[in-house]
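Q: Sequence and predicted structure are below.
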2 protein chains.
Amino acid sequence: MTAAFAERIPSLEPSKLAMVPFVSVDHMMKLINAIGPANVLSEMASYVEADFLRWEAFDKTPRVASHSREGVIELMPTSDGETYGFKYVNGHPANMARGFQTVTAFGVLARVDNGYPVLLSEMTILTALRTAATSALVAKYLAPKGSKTMAMIGNGAQCEFQALAFKQVVGIDTVRLYDIDPRATAKAVENLSETGLKVIACQSSQEAVDGAQIITTCTADKQYATILTDNMVGSGVHINAIGGDCPGKTELHKDILLRSDIFVEYPPQTRIEGEIQQLSEDHEVTEIWKVMTGKAEGRTSDSQITLFDSVGFATEDFSALRYIRDQLDRTGYFIELDMLADPDDPRDLFGMMKRADQ
Amino acid sequence: MTAAFAERIPSLEPSKLAMVPFVSVDHMMKLINAIGPANVLSEMASYVEADFLRWEAFDKTPRVASHSREGVIELMPTSDGETYGFKYVNGHPANMARGFQTVTAFGVLARVDNGYPVLLSEMTILTALRTAATSALVAKYLAPKGSKTMAMIGNGAQCEFQALAFKQVVGIDTVRLYDIDPRATAKAVENLSETGLKVIACQSSQEAVDGAQIITTCTADKQYATILTDNMVGSGVHINAIGGDCPGKTELHKDILLRSDIFVEYPPQTRIEGEIQQLSEDHEVTEIWKVMTGKAEGRTSDSQITLFDSVGFATEDFSALRYIRDQLDRTGYFIELDMLADPDDPRDLFGMMKRADQ
């Protein structure tokens, strides 16, 4: 870097240092389609796993939330000491009815040593991918061996990503879909054709969970809901609870929680945002990174109910952004943004501006 | 918005909702030059003032910092209930020697009601502008009436912006410059030619402060430095202390602080980052918004030393971003980024992605 700087010729053209690669929504879709959504999900799961395996290297902090009557805007920063990352994400449950996305997001990676951003990316699609990749990765550790059938209750934006990730990472071959809105289920059935999955549209939650080894709940209402009641959950299943992810929003009946061994990403955040907000503050939970590193046990019996109380953590976004950064040269799907002022003389910001007028 | 959505025709083209205006470094320079740097500084000072006057409307939180051996990366969020804003900013004192900017930054404004970003902007240049606009605005309230001469100790990236802002907002006509590196002073002298200011290069701090009613300190070393010693500061002056802005970095001798009436932006942040980190936690300081709204007194005598212990606060970035957003239509200097996924059916993120491959 020093050599490159020394050789630089004073110029009005933005220097290489000033440029930040940007992945737009359009480029993100092209990038995913070029690699293939299924491949992206399994490759991203490996990145998420690699980062969980070095969990202790990360600077972890609960997300920084700005709440309003309509929703929340959050910043989720983390760092592994070499690379810093953060995600901007909103959650506005009423958005869907108004024609907006409930959740939109973008993210940034930066170099810790000099603070310069090295990637700006859309993260609405990327968050859907990393959530699914994380769910499937966790199920690889917790679901019954040889699980083939997953029930999916809630067939919204996250549904197909989950189905495909579980096919790739866990090896399921069948999904049983249910949503209170049959149009959502029809959409998912259509989108999952030609994926190789057997897709069954069901008329009730009860019907969907019938014969499933894995139950994924992924609904969107911001309220205490009960998507699953206790009698619907048989012994031995793995529950992947995605939708309960903010204060006041849960999906499972408390009795199910009490029968389950509960696994979480980062307890200080999950106790506020996850299903376990229904339980006492000292209710025992296991951090999933400990299962992955062998520091804690995962599934120990065929009759045990395992529950992943997923809320989404900053390291997963970090893993997803790392993955995308590594695909830039492979796919070429990015542009460079002139986002950082980089005068030839760092002390001469004013002069740079003045010269731009000549 | 609902009407617009209802009329929308399903399409692969990103919808208007998906687009976020982006102001690059190049566009920021063009925008500033189009309006004129001096005009920008005085107009921006009005925006900063307007937001200080409604200080209590803001959600305030100390910045979220990620520290490393080399420096710090910070997120500075705030909200006025209608608009949310945050700035990403790094501070890496060693960067300059390596050919990088010590501070680079970018920022975002978003709608609180739906969480959608409405502006992404470079903020390296913008931070320099808002810092200078804020300093000058505060001096308008605190400096001796009729101040004509400002000493500037430290002639780095911030120097010319400060000089110009004080000319516009306070009405100074003379700046007396000193820097330990004469090349920095020479650069500032050159850049300030044709601004209408009388510019005097000095050989020492002592010489620079001679006859000045306002003293601005703006140096960059990350260390406890003593740019001003007690005997250099006469009664009645206003000190604008810019450079001490992180733990371990101060510019003024403690004795000067003890002789001064100290004004700050947001005490919880300034006690950690400002000059007053040298003082006890309960040392009396006045919040500058209270002076502006008449809730507290500013300068009360000709012999009083007033000190603005400036560290930069999130609301100032918010004001600066608001100002830039309001100049977009006036100048046309922005592009639209396809940053938010906005499927025709918010639940059909996967289908949108799939269709992009056709």
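A: Received the coordinates, thanks. Numbering: from 1, shown residues only, chains lettered A, B, ... in the order given.
Q: From B:Thr149, how far off is whatever residue of the stretch 101-250 of chain A ends up closest to chain B?
A: Using CB to the nearest CB, the single residue of the stretch 101-250 of chain A nearest to chain B is A:Gly115, 2.4 Å away. All C-beta atoms are positioned from the backbone trio N, CA, C, and that covers glycine. Going from A:Gly115 to B:Thr149 by CB to CB, to the nearest Å gives 36 Å.
Q: With A:Gln327 instead?
A: Taking CB to CB, one finds A:Gln327 at 57 Å from B:Thr149.
Q: ditto for A:Pro182
A: 77 Å.
Q: So for the two, which residue has more residues nearby?
A: B:Thr149 (18 against 12; other CB atoms under 10 Å in any protein chain shown).
Q: Beta-bridge partners for A:Leu177, please?
A: Under DSSP bridges, the beta-bridge partners of A:Leu177 are A:Met152, A:Ala201.
Q: Surely it touches A:Ile200?
A: Yes: with contact defined as CB atoms under 8 Å, A:Leu177 reaches A:Ile200; the gap is 6.8 Å.
Q: Could you give the number of residues near A:Asn95?
A: 22.
Q: That one: what's it in contact with?
A: By CB atoms under 8 Å, 6 or more residues apart in numbering or on different chains, A:Asn95 lies in contact with A:71, A:101-102, B:114-115, B:346.
Q: returning to that earlier point: state the helix or strand in which the residue of the stretch 101-250 of chain A closest to chain B lies.
A: For A:Gly115, there is no enclosing helix or strand under DSSP states H and E.
Q: Now for the closest residue to it other than its chain neighbours, how many residues are close by?
A: The shortest distance from A:Gly115 to any non-neighbouring residue, by CB to CB, 6 or more residues apart in numbering or on different chains, is to B:Asn90 (2.4 Å). As a burial measure, B:Asn90 scores 28 neighbours (other CB under 10 Å).
Q: How about A:Leu279?
A: Other residues close to A:Leu279 by other CB under 10 Å number 17.
Q: for A:Thr293, same thing?
A: Neighbours around A:Thr293, by other CB under 10 Å: 14.
Q: measure it to A:Trp55 for me?
A: When A:Thr293 is compared with A:Trp55 (using CB to CB), they lie 7 Å apart.
Q: Kindly report the same for A:Ala296.
A: Taken as CB to CB, the span from A:Ala296 to A:Trp55 is 12 Å.
Q: Could you tell me which residues touch both of the two?
A: A:Glu287.
Q: All the strands of the stretch 1-150 of chain A, residue numbers only.
A: A:19-23, A:64-67, A:72-79, A:83-91, A:105-111, A:117-122, A:149-153 (DSSP state E, counting those that start in this stretch).
Q: can you list contacts of the shortest one?
A: What it means is strand A:64-67. A:72-77, B:59, B:61, B:64, B:75, B:77, B:79, B:84, B:112.
Q: List the strands paired with it, with their directions.
A: Going by DSSP bridges, the partners of strand A:64-67 are strand A:72-79 (antiparallel).
Q: centre of the chain versus the partner strand, how much separation?
A: 13 Å (CA atoms, centre = their mean, to the nearest Å).
Q: So what angle separates the directions of that strand and strand B:117-122?
A: For strand A:72-79 against strand B:117-122, the angle by axes from the mean of the first three to the mean of the last three CA atoms, to 10 degrees is 30 degrees.
Q: quick one, strand A:72-79 and strand A:83-91 angle?
A: 170 degrees.
Q: Surely the residue of the stretch 101-250 of chain A closest to chain B is in contact with B:Tyr88?
A: No: the pair A:Gly115 and B:Tyr88 does not pass the contact test of CB under 8 Å, sitting 9.1 Å apart.
Q: Whether stretch A:229-244 contacts chain B - can you check?
A: No: under the criterion of CB under 8 Å from any CB of the partner chain, chain B is not reached by stretch A:229-244; the shortest gap measures 13.1 Å.
Q: how about that stretch: buried residues?
A: A:232-233, A:236-244 (16 or more other CB atoms under 10 Å in any protein chain shown).
Q: That stretch: how far from the chain's middle?
A: That offset, for stretch A:229-244, works out to 20 Å (CA atoms, centre = their mean).
Q: Can you show me the CA trace of that stretch as PDB?
A: The C-alpha trace of stretch A:229-244 is given here as PDB (Å, rounded to 0.1, in the frame of the first residue of the first chain):
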ATOM      1  CA  THR A 229     -49.500 -26.000  20.200                       C
ATOM      2  CA  ASP A 230     -48.100 -28.600  22.500                       C
ATOM      3  CA  ASN A 231     -50.100 -31.500  21.300                       C
ATOM      4  CA  MET A 232     -48.900 -31.000  17.700                       C
ATOM      5  CA  VAL A 233     -45.300 -31.800  18.600                       C
ATOM      6  CA  GLY A 234     -44.300 -35.400  18.900                       C
ATOM      7  CA  SER A 235     -41.100 -36.600  20.600                       C
ATOM      8  CA  GLY A 236     -37.900 -36.700  18.700                       C
ATOM      9  CA  VAL A 237     -38.500 -33.800  16.300                       C
ATOM     10  CA  HIS A 238     -36.200 -30.800  15.700                       C
ATOM     11  CA  ILE A 239     -38.000 -27.400  15.700                       C
ATOM     12  CA  ASN A 240     -36.500 -24.600  13.700                       C
ATOM     13  CA  ALA A 241     -38.200 -21.400  15.100                       C
ATOM     14  CA  ILE A 242     -37.500 -18.500  12.800                       C
ATOM     15  CA  GLY A 243     -40.400 -16.100  13.000                       C
ATOM     16  CA  GLY A 244     -40.200 -15.100  16.700                       C
END
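Q: quick one: average confidence on it?
A: Stretch A:229-244 comes out with an average pLDDT of 88.
Q: Then stretch A:258-269?
A: So the average pLDDT for stretch A:258-269 ends up being 95.
Q: again with stretch A:49-59
A: The pLDDT scores in stretch A:49-59 average 97.
Q: That stretch: which residues count as buried?
A: Going by 16+ other CB under 10 Å, stretch A:49-59 has these buried residues: A:49, A:51-52, A:55, A:58-59.
Q: Pick the most buried one from the strands of the stretch 1-150 of chain A.
A: Neighbour counts (mean count of other CB atoms under 10 Å in any protein chain shown) averaged over each of the strands of the stretch 1-150 of chain A peak at strand A:149-153, with a mean of 26.
Q: Where does A:Ile262 fall, secondary structure wise?
A: Applying DSSP H and E, one finds A:Ile262 within strand A:260-264.
Q: Please enumerate the shared neighbours of A:Gly115 and B:Tyr88.
A: B:Ile73.
Q: sorry, back to before: closest one to A:Leu137 out of the contacts of A:Asn95, please.
A: A:Leu137 lies nearest to A:Thr102 out of these, by CB to CB, at 23.8 Å.
Q: Just give me the neighbour total for that closest one.
A: Considering only other CB under 10 Å, A:Thr102 is surrounded by 21 other residues.
Q: same thing with A:Gly294?
A: With other CB under 10 Å as criterion, A:Gly294 counts 9.
Q: And it, how close does it get to B:Asp329?
A: 59 Å.
Q: cool, A:Ser68 as well?
A: To B:Asp329, A:Ser68 is 27 Å away according to CB to CB.
Q: where along the stretch 151-300 of chain A do the strands fall?
A: Going by DSSP E, counting those that start in this stretch, the stretch 151-300 of chain A shows strands at A:174-178, A:198-201, A:214-217, A:224-228, A:238-241, A:250-252, A:260-264, A:286-287.
Q: Work out the gap between the shortest one and the centre of the chain.
A: Right, strand A:286-287. The mean C-alpha position of strand A:286-287 is separated from the chain mean by 18 Å, CA atoms, centre = their mean.
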